[in-house]
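*Asks:* Build me a model:
(one chain, ligands or ions: 1)
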Amino acid sequence: MDFLAPLKIEALNSGVSTGISSLPAHGEIIESYSPVNGKLIATVKSGDKSDYETVIAKAQAAFTEWRTWPAPRRGEIVRQIGEALRTYKEPLGKLVSYEMGKSLQEGYGEVQEMIDICDFAVGLSRQLYGLSMHSERPAHRMYEQWHPLGIVGIISAFNFPVAVWSWNSMLAWICGNVCIWKPSEKTPLCAVACHHIISEVLKRNNVPDGINGMVIGGREVGEWLSADARIPLVSATGSTRMGKAVGATVGARLGRALLELGGNNAIIISKYADLDIAIRGAVFGAVGTAGQRCTTTRRLIIHEEVYDSIKDKLLAAYKQLRIGNPLDENNHVGPLIDKGAVSGYQKALEACKKEGGRFIVEGGVLDGNGYESGCYVKPCIAEVEPHFKIVEQETFAPILYLMKYTTLDEAIAIQNGVPQGLSSSIMTLNLREAEQFLSAMGSDCGIANVNIGTSGAEIGGAFGGEKETGGGRESGSDAWKAYMRRQTNTINYSTQLPLAQGIKFHV
Ligand code: UN1
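*Replies:* Numbers count the residues shown, from 1 in each chain. As a prediction, the model looks like this:
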């Protein structure tokens, strides 16, 4: 636990902060247990409604100043945050691995994703472009500008406890917004650590205290943010159930919600696939992060001619998997986040069997030496029919469903035939198949890949999906526009007042 001291994690930490200062918190104490070994890491005092109000007031005041900073200057702050994250990559990556349970490589990878979004945001801080248009009236100029919104509420999930918050906050900041973060109460220490790392940068640069608010707590904090008309944008990552509640509450006050919710991602493996790449993509996609990414591969839709050989290769690959302490780099698969997740996994296995699923790699909960936390489960594989109810659901665990297809049209229909629409892939070396999959008649997902698995998207693309995934886009491309308001400006520099549409109006 050599990583706790550099991150200034103490036995009891405040879960309320305005960015530079941690504030006294008045809510319940949250205990953070590691799913790695079941041990208590540290505790966090959560925020109550009065703490929330303090953070909001500070954020509102900070916004009036922060919005006057030129965007490239805001970018310079984010550049320094990226530098600080490089300095703390090792301890923060270890804490992510220890508190959340993902492998150490993936913990480091998550911090790298934060660093990458900082670099992206720095460049973007000089590229918040609006268009200029030709006015239909003489001696008029028309153009658009992008202005900040104000306070951005960020609700993030346990599975990417730091990266997803950084996608939102780094972009929101260069756009001139201030943020209030409600991290998952399952990974509160990762959030506290981020605050400590960033507060040094904010302090050194005299950034107004309040741009980086945080209120750690249960679902009530999410409800306060969603219902609060002082918060023009709420960006929420998590389950579809949570997203529907946030979307409805934010929608009822006509605020904006940016939702990144569940996925039920499939890989189509064609008879023209490079089978080695297909297997590697499928196995990492299915068991990486113990199946707890929203981009995890949950379904393989396999051409009948290669079905048996894919099955054999999967069986061989799953035999090699080492399950255990994720901080030990020899292990491939760590624990699930908590015992609740383990019971969700067990229920899904039962439901799958009940519907007629056949397990070719059996699941089960591990116990004994090294598995004392009770959170380690066996990655498993079932042969199913696409119409099974359980196959239409997202279970946040390493359960992989296999299905057979004959024609590509059929495979695409199976792939699209679920309520979620986040990530999708086709493994094929056939150009016609690949292009059909990417066309308007192909995948209906926000992310569609060729010869790459469903997980592990780069930050440079817009990240998110359709249908029950919520429709939001975060991270790269022009996702920044969601964090700004567009203003159309028309300027008359003539001596007349011509009206649009040629209307004549004389008085
Ligand atoms: C998530 O699981 O919420 O594409 C985010 C990926 C990661 C992000 C996942 N870059 O798998």
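*Asks:* The residue lying closest to residue 272 once chain neighbours are set aside - how many residues pack around it?
*Replies:* Closest residue to residue 272 apart from its sequence neighbours, by Cβ to Cβ, 6 or more residues apart in numbering: residue 430 at 4.0 Å. All C-beta spots, glycine's among them, are computed from the backbone N, C-alpha and C. Using other Cβ atoms under 10 Å, residue 430 has 14 other residues around it.
*Asks:* In contact with the nearest residue to residue 364 once chain neighbours are set aside, which residues?
*Replies:* Setting aside the residues directly before and after it, residue 364 is nearest to residue 378 in space (Cβ to Cβ, 6+ apart), at 5.0 Å. Residue 378 is in contact with 323, 361, 362, 363, 364, 365, 366, 398, counting by Cβ atoms under 8 Å, 6 or more residues apart in numbering.
*Asks:* for residue 31, same thing?
*Replies:* Residue 31 touches 40, 43, counting by Cβ under 8 Å, 6+ apart.
*Asks:* quick one: strands adjacent to the helix or strand hosting it?
*Replies:* Taking DSSP states H and E as the definition, residue 31 sits inside strand 29-33. Strands that pair with strand 29-33, judged by DSSP bridges, come out as strand 40-45 (antiparallel).
*Asks:* Please work out which residues outside the strand or helix carrying residue 143 touch it.
*Replies:* Secondary structure assigned from DSSP H and E places residue 143 in strand 140-148. With contact meaning Cβ under 8 Å, 6+ apart, strand 140-148 is reached by 63, 67, 128, 130-135, 175-177, 481, 483-494, 498.
*Asks:* Near the residue in the stretch 301-450 of the chain that the ligand sits nearest to, how many other residues are there?
*Replies:* Residue of the stretch 301-450 of the chain nearest the ligand, by Cβ to the nearest ligand atom: residue 423 (7.1 Å). Residue 423: 32 surrounding residues under other Cβ under 10 Å.
*Asks:* Please name the bridge partners of it.
*Replies:* residue 447.
*Asks:* was I right about it contacting residue 452?
*Replies:* No: counting by Cβ atoms under 8 Å, residue 452 is not a contact partner of residue 423; they are 9.9 Å apart.
*Asks:* what helix or strand does the residue in the stretch 1-150 of the chain that the ligand sits nearest to sit in?
*Replies:* Residue nearest to the ligand within the stretch 1-150 of the chain: residue 113 (5.9 Å; Cβ to the nearest ligand atom). Following DSSP H and E, one finds residue 113 within helix 104-124.
*Asks:* just residue 266 next, same as before
*Replies:* strand 265-269.
*Asks:* Run the contact check for that strand versus the ligand.
*Replies:* No: using Cβ under 6 Å from any ligand atom, strand 265-269 stays clear of the ligand, with a minimum separation of 9.5 Å.
*Asks:* Averaged pLDDT, that strand. What do you get?
*Replies:* Per-residue pLDDT over strand 265-269 has a mean of 98.
*Asks:* Which neighbouring elements make contact with that strand?
*Replies:* helix 275-287, strand 297-303, helix 408-416, strand 423-427 (3 or more Cβ pairs under 8 Å, 6 or more residues apart in numbering; DSSP states H and E).
*Asks:* Can you name the residues in contact with that strand?
*Replies:* 275, 278, 281-282, 285, 295-303, 306, 310, 405, 408, 411-412, 414-415, 418, 420, 422-428, 437, 445, 453-455.
*Asks:* Off-centre distance for the helix holding residue 113?
*Replies:* Centre-to-centre, helix 104-124 and its host chain are 13 Å apart (Cα atoms, centre = their mean, to the nearest Å).
*Asks:* Please identify the buried residues of that helix?
*Replies:* 104, 106-118, 120-122, 124 (16 or more other Cβ atoms under 10 Å).
*Asks:* Same question for stretch 480-487.
*Replies:* Under 16+ other Cβ under 10 Å, the buried positions of stretch 480-487 are 480, 482, 483, 484.
*Asks:* restrict the contacts of strand 140-148 to those near the ligand?
*Replies:* Okay, of the contacts of strand 140-148, nothing touches the ligand (Cβ under 6 Å from any ligand atom).
*Asks:* Got a quick ChimeraX command for the buried subset of those residues?
*Replies:* Burial among the contacts of strand 140-148 is assessed by 16+ other Cβ under 10 Å; the matching ChimeraX selection reads:
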select :63,67,128,130,135,175,176,177,483,484
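*Asks:* circling back to that earlier point, list the neighbouring strands of the strand holding residue 143 plus their orientation.
*Replies:* Checking strand 140-148 against DSSP bridges gives partners strand 132-133 (antiparallel), strand 484-492 (antiparallel).
*Asks:* Mind putting those strands into CSV with mean pLDDT and distance to residue 71?
*Replies:* Converted to CSV, these look like this (pLDDT from 0 to 100; distance: least, Cβ to Cβ, whole Å):
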stretch, mean pLDDT, distance to residue 71
strand 132-133, 98, 18
strand 484-492, 98, 10
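*Asks:* Brilliant, that's me finished.
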